[in-house]
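Trainee: Output the structure for:
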Amino acid sequence: MSRLLKVILPVLILAIGFGAFRLLVATKPEKASPSVQERVWRVAVEPVELLTAAPQLELYGRVETPDLLRATAPASAWVTEVLVQDGDVVAEGDVLLRLDERDFEPRIAQVEAEIADLEAQIASEKNRFETDRLALEQEQRLLKLAQDAVERQQRLKTQQVGAEQALDDAKRTEAQQQLTVTNREMSIADHPSRLRGLEARLASAKARLAELRLEFERATLKAPYDGIVTGVEVTEGDQVTKGEALVRLYATESLEIRARIPAPYQDEMIEAVKQDLSLSASATIGGESLQLRFDRLAGEADPSGVDALFKLDGDPTLLRLGQLLTVSLERPMREAVVEVPFRAVYGGGRIYLVEDGRMRGIDVESLGTRISAAGEERLLVRSDQLAAGDALVTTHMPNAIEGLRVAIVGAEPAGSSREPTPTPTPAPGPSPEPDVAEATSGAPDSPN
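Mentor: Next comes the predicted model:
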């Protein structure tokens, strides 16, 4: 009996264990299969607004002027007074410096004396001419008497009652009187030449006097126009020579800004000039905006572009010659353009819209920048696929791709017919990103 028990008991224990195992397997709870849910990215959007606007082109310009005056000394003199210094703003007629007048007065007095002498010589020449004219009449009568005397002596000699000596004396007197008449006639004939010579010398002296008086007038150097002094080359007590530089200044009204137009925009500017378009520009100095006006293109260009010249519509005293400025040029108007923030543009030519809770990429043409009404610099883009009211993604997504699931922060885009996927409750562990809803599996993370 005990032997049989030893054989049955192990078999019974194995049967009971196997039955318990089968019972546990049959009654174990079923494990739920894991669900895969797409990650939803929270983004900000703004509605697309189609505008007619002028793209702005940022240029770097330099202030210059074609009217840089270099005032020089009119003659050798001493500097007695200097009334300006570098950087002074002067008005038309303001005295800049004075030269010693005593260096000019003796030369003027000398030429005035020469003029008086020439005027006296001219008057004497006219008197001489009148005297010669009157004397010629008398000498011609004397010549007639001498000729009559010769004829009388010749008749007496023919009648053999006159002496040979008397005839010779009569002929000698006639010849001498003829010579006198000839000299007088020559003197009268030379009168116009002598008079013209004296008058020419007088005119030369008067021109010299006018030159000296002009030099004397310029001894007091005055500003010829409203301008800014860029340099004073002398000081009181200096001795200067004729033509030596004294003061340099430029007219404030003649200031202009020269800026290089890059080669890609050169054809556009040339076409604007052909169509006589009025293009405006602006620059900022010390927090104050200056309005500029496109005036003309330079006569020369090179492979990098062509220079544009701008006139100033504003207070020119804010500018200084040689100053460097950042110029914002208003290019020709474009239609159906959209202002977008720079963070909304990927790769320089792609933006994303939100449609049915997903991102849709659109390739756009970049036209340039523009300062918005809020003072923010924005990019102007254009595309036939953009329509007014489209939801433009303004949050920069490092992993932006076509079809990425997104949720709009604060509101749904107009026209969306599909609710965003609910955000699952995150499991215990590290906190999720502040602008991203955590899920069991994520979308592709490759950046665009």
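Trainee: tell me, what residue is most central in this structure?
Mentor: For the chain, the residue whose C-alpha lies nearest the mean C-alpha position (Cα atoms, centre = their mean) is Ile257; its distance is 1.8 Å.
Trainee: Contacts only, for that residue.
Mentor: Ile257 is in contact with 61-64, 283, 292, 309-310, 312, 325, 327, counting by Cβ atoms under 8 Å, 6 or more residues apart in numbering. C-betas here are computed from N, CA, C, even on glycine.
Trainee: Give the pairing partners of the helix or strand encompassing it; include direction for each.
Mentor: Assigned by DSSP states H and E, Ile257 falls within strand 256-262. According to DSSP bridges, strand 256-262 forms sheet pairs with strand 56-64 (antiparallel), strand 305-313 (antiparallel).
Trainee: Could you dump these into JSON lines and include distance to Arg213?
Mentor: Rendered in JSON lines, the data for the strands paired with strand 256-262 read as follows (distance: least, Cβ to Cβ, whole Å):
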{"stretch": "strand 56-64", "distance to Arg213": "36"}
{"stretch": "strand 305-313", "distance to Arg213": "38"}
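Trainee: Out of the ones you listed, which gets nearest to Val111?
Mentor: Taking Cβ to Cβ as the criterion, Val111 comes closest to strand 56-64 out of the strands paired with strand 256-262, the separation being 42.3 Å.
Trainee: buried set for the closest one?
Mentor: Applying a neighbour-count criterion of 16 or more other Cβ atoms under 10 Å, one finds 56-57, 59, 61-64 buried in strand 56-64.
Trainee: same deal with stretch 285-294?
Mentor: Judged by neighbour count (16+ other Cβ under 10 Å), stretch 285-294 contains these buried residues: 290, 292, 294.
Trainee: Please tell me how far it is from the chain's geometric centre.
Mentor: Computed by Cα atoms, centre = their mean, to the nearest Å, the separation of stretch 285-294 from the middle of its chain amounts to 12 Å.
Trainee: just checking, Gly403 touches Gly357?
Mentor: No. Taking contact to mean Cβ atoms under 8 Å, the distance of 10.2 Å between Gly403 and Gly357 leaves them out of contact.
Trainee: Could you check which of these two has the larger neighbour count?
Mentor: Using other Cβ atoms under 10 Å as the criterion, Gly403 and Gly357 rank with Gly357 on top: 19 against 11.
Trainee: ok, the more buried one to Arg343 distance?
Mentor: Distance, Gly357 to Arg343, by Cβ to Cβ, to the nearest Å: 21 Å.
Trainee: cool, and Ile257?
Mentor: Between Ile257 and Arg343 the distance is 32 Å, computed by Cβ to Cβ.
Trainee: and Ser280, how many residues sit next to it?
Mentor: Taking other Cβ under 10 Å as the criterion, the count of residues near Ser280 is 14.
Trainee: list the buried ones in stretch 328-340?
Mentor: 328-331, 334, 337-340.
Trainee: Dump the residues you listed into a markdown table; add pLDDT as well.
Mentor: Supplementary listing: these in a markdown table, determined by pLDDT from 0 to 100:
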| residue | pLDDT |
| --- | --- |
| Ser328 | 88 |
| Leu329 | 89 |
| Glu330 | 87 |
| Arg331 | 86 |
| Arg334 | 86 |
| Val337 | 91 |
| Val338 | 92 |
| Glu339 | 91 |
| Val340 | 91 |
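Trainee: Narrow the residues you listed to those in strands?
Mentor: Judged by DSSP state E, strands contain the following of these: 328-330, 334, 337-340.
Trainee: out of those residues, who's nearest Ala149?
Mentor: Ala149 has its nearest neighbour among those in Leu329, at 105.0 Å by Cβ to Cβ.
Trainee: which residues touch that closest one?
Mentor: When the contact criterion is Cβ under 8 Å, 6+ apart, the partners of Leu329 are 56-59, 259, 279, 281, 294, 308.
Trainee: Identify the residue nearest Glu233 in space, chain neighbours excluded?
Mentor: With sequence-adjacent residues excluded and distances taken as Cβ to Cβ, 6 or more residues apart in numbering, Glu233 is closest to Ala245, at 4.8 Å.
Trainee: tell me which residues form a beta bridge with that neighbour?
Mentor: Checking Ala245 by DSSP bridges, which sets the bridge assignment, gives partners Thr72.
Trainee: was I right about it contacting Ala71?
Mentor: Yes. Between Ala245 and Ala71 there is a contact at 7.4 Å, judged by Cβ under 8 Å.
Trainee: out of the two, which sits in the more crowded spot?
Mentor: Relative neighbour count places Ala71 above the other of Ala245 and Ala71, with 19 against 14, counting by other Cβ under 10 Å.
Trainee: tell me the phi and psi of the spatially closest residue to Val273 that is not a sequence neighbour?
Mentor: Spatial nearest neighbour of Val273, chain neighbours left out: Leu297 (6.0 Å); criterion: Cβ to Cβ, 6+ apart. Taking degrees, to the nearest 10, you get phi -100, psi 150 for the backbone angles of Leu297.
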